[in-house]
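**Student:** just coords:
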Ligand code: DAH
């Protein structure tokens, strides 16, 4: 083959070349040790001596031309191949095969919300033991053995003197024994009672509030609860105190809030009254202060205990407390953001 023939053939071949590996084969075919161009160069020995330099120069020129062609073609094919792979090997990220994210339990949401609000008012958040002594759960709170108030709560006893706490109020004496006033603490946690129906569960959640300082009044209690209720249930929520009895507070009150469902007009949630009973509270009984070594002539305080499951039921319109403990994914999923 002449140089011109090789050149024509080469240009045809390279423009038809569709892949990098075909191009590689072509390179070997033309420029390899036994390739076409090398063969032509070898034929130089058959030429008369004076023609050899110009022939050699022409072959070298073609070799350079071919090399640069290979380079350009390789670039082009590589980029085409990359485009094709990007098109074909595309990952469909809309396929949701990854695991679903979990969500916080509605009672946890309420607990966090209440704690955040209390922290904003300067309260500390502490937790205590769920397996408690009879002393902290009852006696220190002015509920001696055989006191009728014990019948208000069906207790799970572990031994005669150890029980599953029936109320987070059990933390009151622990706190007052440990630290001198001023005290401003909330204690969220689980409590246990042998009771079960749509509004009672053997395990449920309370948050106890305790303030001990000088010159504390019922107004301080009411202001605190008004702040809490208006943030939990809406700005227009009103708070009402009704006289009640708890051995560890004197006076004691039952606290109602205006129904968040009907705004106080009366509906099925509030049984037509416009009010929802939310918590028990009162001024710390001086007997309890003295039980914990606090001088009740110098200090006083208030306490309150909120059922957090009840708050969650009102807030989210949940009709049955048992839904909180059944771990039904269909129920729990509704609270994921
Ligand atoms: N511990 C009471 C209960 O479980 C609720 C309670 C009432 C807590 C009055 C208080 C309080 O701190 O002052 O029924």
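**Tutor:** Happy to help now that I have it. Because the structure is predicted, anything quoted here is derived from the model rather than measured.
**Student:** contacts, neighbours, all on C-alpha from now
**Tutor:** Fine.
**Student:** which residues in the stretch 51-200 of the chain form strands?
**Tutor:** Applying DSSP state E, counting those that start in this stretch to the stretch 51-200 of the chain gives strands spanning 124-125, 131-133, 162-164, 183-192.
**Student:** the third one near the ligand at all?
**Tutor:** No - if you take Cα under 6 Å from any ligand atom as the test, strand 162-164 misses the ligand, and the best it gets is 12.9 Å.
**Student:** and the longest helix for this protein?
**Tutor:** helix 52-88 (DSSP state H).
**Student:** buried residues in it?
**Tutor:** 52, 55, 59, 62-63, 66, 69-70, 73-74, 77 (16 or more other Cα atoms under 10 Å).
**Student:** adding distance to the ligand and pLDDT, write the residues you listed out as JSON lines.
**Tutor:** Listed next are the buried residues of helix 52-88 as JSON lines, based on distance: Cα to the nearest ligand atom, whole Å; pLDDT from 0 to 100:
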{"residue": "52", "distance to the ligand": "112", "pLDDT": "88"}
{"residue": "55", "distance to the ligand": "109", "pLDDT": "88"}
{"residue": "59", "distance to the ligand": "102", "pLDDT": "88"}
{"residue": "62", "distance to the ligand": "98", "pLDDT": "89"}
{"residue": "63", "distance to the ligand": "96", "pLDDT": "90"}
{"residue": "66", "distance to the ligand": "93", "pLDDT": "90"}
{"residue": "69", "distance to the ligand": "89", "pLDDT": "92"}
{"residue": "70", "distance to the ligand": "87", "pLDDT": "91"}
{"residue": "73", "distance to the ligand": "83", "pLDDT": "91"}
{"residue": "74", "distance to the ligand": "81", "pLDDT": "90"}
{"residue": "77", "distance to the ligand": "78", "pLDDT": "90"}
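**Student:** which residues of the protein lie near the ligand?
**Tutor:** 167, 169, 208, 246, 249, 280-282, 303-305.
**Student:** between the buried residues of helix 52-88, which is nearest residue 26?
**Tutor:** The closest of these to residue 26 turns out to be residue 70 (Cα to Cα; 9.0 Å).
**Student:** quick one, what contacts the closest one?
**Tutor:** 14, 23, 27 (Cα atoms under 8 Å, 6 or more residues apart in numbering).
**Student:** so the first one sits against residue 23, correct?
**Tutor:** Yes - shown here, residue 14 and residue 23 form a contact pair, counting by Cα atoms under 8 Å, at 7.2 Å.
**Student:** higher neighbour count, the two?
**Tutor:** Neighbour count, other Cα atoms under 10 Å: between residue 14 and residue 23, residue 23 has more, with 21 against 17.
**Student:** what sits against residue 261?
**Tutor:** 267, 269.
**Student:** which helices and strands sit right next to the least confident helix or strand in the chain by mean pLDDT?
**Tutor:** Using mean pLDDT, DSSP states H and E, helix 36-42 stands out as the lowest-scoring helix or strand of the chain, at a mean of 84. Applying 3 or more Cα pairs under 8 Å, 6 or more residues apart in numbering; DSSP states H and E, one finds that helix 36-42 makes contact with helix 3-16, helix 20-31, helix 52-88.
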